[in-house]
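In: Structural data only, the sequence is not supplied:
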């Protein structure tokens, strides 16, 4: 039992948190270099989260002799798209209302809470199944 998808999701969350918190510390008159240093974390976030969600769908939807991986990935893509639209609308409104620093720090706080809950959940699942939560 490999834990690759879970580890990738944790890496994606950590990269996202570092990136958006880093954005809040970029000085207005020196934008280019800090942005160039932070922006590669977007690639890490995207690649790790996409890979882990595809693996998650594959694991959870292979049951009862049927293979519903493509259906699961389509549903996850639909949910991700809905989340993007909702996030863009609410994010624009929040940025206008509270400012970019508060917006990005709020995003980081939300992802941090999600990461903690995710980590607790997977460790509880490993404990229930008798699997050691360390990767090798």
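Out: Great, that's in hand. Note that the structure is a prediction, hence the values are computed from the model and not measured.

In: now the strands: where do they sit in the protein?
Out: Assignment of strands within the chain using DSSP state E yields the ranges 62-63, 66-67.

In: Residue 52: how many residues sit nearby?
Out: Residue crowding around residue 52 was assessed by other CB atoms under 10 Å; the count is 19. Bear in mind the C-beta positions are built from the backbone N, C-alpha and C, glycine included.

In: Tell me the spacing between it and residue 46.
Out: 11 Å (CB to CB, to the nearest Å).

In: overlap in contacts of the two?
Out: residue 12 (CB atoms under 8 Å, 6 or more residues apart in numbering).

In: least trustworthy helix or strand in the protein by mean pLDDT?
Out: Counting by mean pLDDT, DSSP states H and E, the weakest-scoring helix or strand in the chain turns out to be strand 62-63, with a mean of 66.

In: Residue 27 is in contact with residue 35, correct?
Out: No. Between residue 35 and residue 27 there is no contact under CB atoms under 8 Å: 11.0 Å.

In: Same drill for those two, tell me which one is more crowded.
Out: Shown here are residue 35 and residue 27; by other CB under 10 Å, residue 35 has more neighbours (12 against 7).
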